[in-house]
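Participant: Dropping a prediction and its sequence here:
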Amino acid sequence: MRDALEAGGDHDSGSEPSVGASAPAPITPRERLDSMDLIRGVAIFGILVVNMAFFAMPFAHAIYPAAYDAWPAADRWSHLIVKVLFEYKFISTFSVLFGAGLIMQWLRASSRGASFAPLHYRRMALLALFGLMHGFLLWYGDILFIYACVGSVFFFFRTLKPRTMFVIAAALLAISMVFTTGFTALNVLTESAKREAREAASMTDDGATAEIIEEGSSAGADAASGADAADVPRGFDAMMKAQFDFFNDSWVRGEELAYRDGPWADAMLFRGVSFAFALLFTVFGFGWHILAMFLIGGALMKLDFFSSSQGAMQKRAAMIGLILGGVLEIAYGALMSITPGVIDWPDIAAAPLQALGAPLLCLGYVGALAWVAGSGAGRVLLAPLRAVGRMALSAYLLTTVIVTFLMYHWGLGWFGSVGRFDQLMIAVVVYAGLVVFCTAWMACFRYGPFERLWRAVTYARATV
């Protein structure tokens, strides 16, 4: 691998090797790196833990928990643990692995004299299709479409040296931090103005203060739930009344009714609009972060970081990432605990801490897991988690199917009634079942079902 990397300068001419002695082919199980499969398998669990709030609650409550002070201690601690140890860390980890995997595929294609560009863009096109179907038909929090778009851009960075990749990644993370902090500040100003307007409107003519029910609060939702169903705006009417404000009580209540009770058209409407807004946010903010993590993963792959022979480098990354990232994330959690149920000024100070802390803690996780995967005991004990990593695409989509069945109207309809601690426990149970399923599947097949489809279309072969 190093010979292929050390040839040439900082950036090659951009040309692809012509199709020569061998056509492109999928990576076989023998060619896979155990450490990458393990990290990918653990990342699936971390992503599920974070996504649980968005599966189980209206978007506004998942971001800023209503009635936080009334929560039991288990819910408050679960919320804080997810914020500090999981949020943005495992999607970053998954992104590192995605970037590393793309570089691995490019190096492999180049070593065989095969053209990588057609292969890469066929893969990204199919991934984008998976993402659009996932986002519009099942759940608005899809990441696959974003990966396909950013992965298409990442193609142009593939020939850079590791040092250059790290420098560009740092610049992109800085841009992402500026955007995120700016959006947060704008949100704080907007919500502060809304609170002041509500307080002014609540004052009676004689100066007495009427009871204030915060928009998006559980009190407002309870009041709406007690009203006659015909008086509660649903679907597009709820969106119009809320003026497409995700934190408005009409939106929150309409979203809850759509996902919990249906009908399918209302749920599809809320899901589609939420997915569109998520993509818009990604263009201006989160996309920079994803591309940065792709670059970090690509640089690590070029440095042979995931090899079992790189234990010293892995331990060094683990120490730096866990210590520095841990300190920043603890500070972030402390600030978020000041006003956990509302959007307020501590959020502005917390935003850059998480923007810096999440990539560092991600690096710590990646280093620690890569080192563990290289040890004899770790390789044996954590083998079931590698099975999840080997079919990560199928596992990711399967978690959506399982949890939306639990939460949505077409299944058990638990949406809006599951607390943070219970969400965490559901994630543990679902992941445990996923480990069993993936282990059994990989004992019988070389690839997961969606991996098989992805490879079949990419390489134009019926059997892969």
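Facilitator: Nice, I can see it.
Participant: Report the central residue of this protein.
Facilitator: For the chain, the residue nearest the mean C-alpha position is residue 91 (4.0 Å; CA atoms, centre = their mean).
Participant: quick one: pLDDT of the closest residue to it other than its chain neighbours?
Facilitator: Closest residue to residue 91 apart from its sequence neighbours, by CB to CB, 6 or more residues apart in numbering: residue 47 at 5.8 Å. Glycine gets a C-beta too; all of them are placed from N, C-alpha and C. Per-residue confidence (pLDDT) for residue 47: 98.
Participant: Over to residue 193?
Facilitator: For residue 193, the pLDDT comes out at 81.
Participant: That one: neighbour count?
Facilitator: Using other CB atoms under 10 Å, residue 193 has 10 neighbouring residues.
Participant: quick one: it from residue 200, how far?
Facilitator: 11 Å (CB to CB, to the nearest Å).
Participant: what does residue 194 give?
Facilitator: Taken as CB to CB, the span from residue 194 to residue 200 is 11 Å.
Participant: Which one's more surrounded, the two?
Facilitator: residue 194 (16 against 8).
Participant: which SSE is the more buried one in?
Facilitator: In the assignment (DSSP states H and E), residue 194 maps to helix 162-202.
Participant: so how far is that helix from its chain's centroid?
Facilitator: Taking CA atoms, centre = their mean, to the nearest Å, one finds helix 162-202 lying 18 Å from the centre of the chain it belongs to.
Participant: Name the nearest residue to residue 246, sequence neighbours excluded.
Facilitator: Excluding its sequence neighbours, the residue lying closest to residue 246 (CB to CB, 6+ apart) is residue 59, at 5.1 Å.
Participant: So that neighbour sits against residue 255, correct?
Facilitator: Yes. Contact status for residue 59 versus residue 255: in contact at 6.7 Å, counting by CB atoms under 8 Å.
Participant: more crowded one of these two?
Facilitator: Between residue 59 and residue 255, counted using other CB under 10 Å, residue 255 has the larger neighbour count: 29 against 21.
Participant: just to confirm, which helix or strand has the more buried one in it?
Facilitator: Here residue 255 is assigned to helix 249-261, by DSSP H and E.
Participant: Run the angle between the helix or strand hosting the residue nearest to the centre of the chain and helix 162-202 for me.
Facilitator: Per DSSP H and E, residue 91 falls inside helix 89-111. For helix 89-111 against helix 162-202, the angle by axes from the mean of the first three to the mean of the last three CA atoms, to 10 degrees is 150 degrees.
Participant: CA atoms of helix 89-111 as CSV?
Facilitator: Output of helix 89-111 as CSV, limited to C-alpha atoms (Å, rounded to 0.1, in the frame of the first residue of the first chain):
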residue,chain,number,x,y,z
LYS,A,89,-19.2,11.4,17.5
PHE,A,90,-20.4,8.2,15.8
ILE,A,91,-21.7,9.8,12.6
SER,A,92,-18.2,11.3,12.5
THR,A,93,-16.7,7.9,13.1
PHE,A,94,-18.8,6.4,10.4
SER,A,95,-17.7,9.2,8.0
VAL,A,96,-14.0,8.5,8.8
LEU,A,97,-14.6,4.9,7.8
PHE,A,98,-16.5,5.9,4.6
GLY,A,99,-13.6,8.1,3.5
ALA,A,100,-11.1,5.4,4.3
GLY,A,101,-13.1,2.9,2.4
LEU,A,102,-13.2,5.1,-0.7
ILE,A,103,-9.4,5.5,-0.6
MET,A,104,-9.0,1.7,-0.2
GLN,A,105,-11.2,1.1,-3.3
TRP,A,106,-9.3,3.7,-5.3
LEU,A,107,-5.9,2.2,-4.4
ARG,A,108,-7.1,-1.2,-5.3
ALA,A,109,-8.5,-0.1,-8.6
SER,A,110,-5.3,1.7,-9.4
SER,A,111,-3.1,-1.2,-8.6
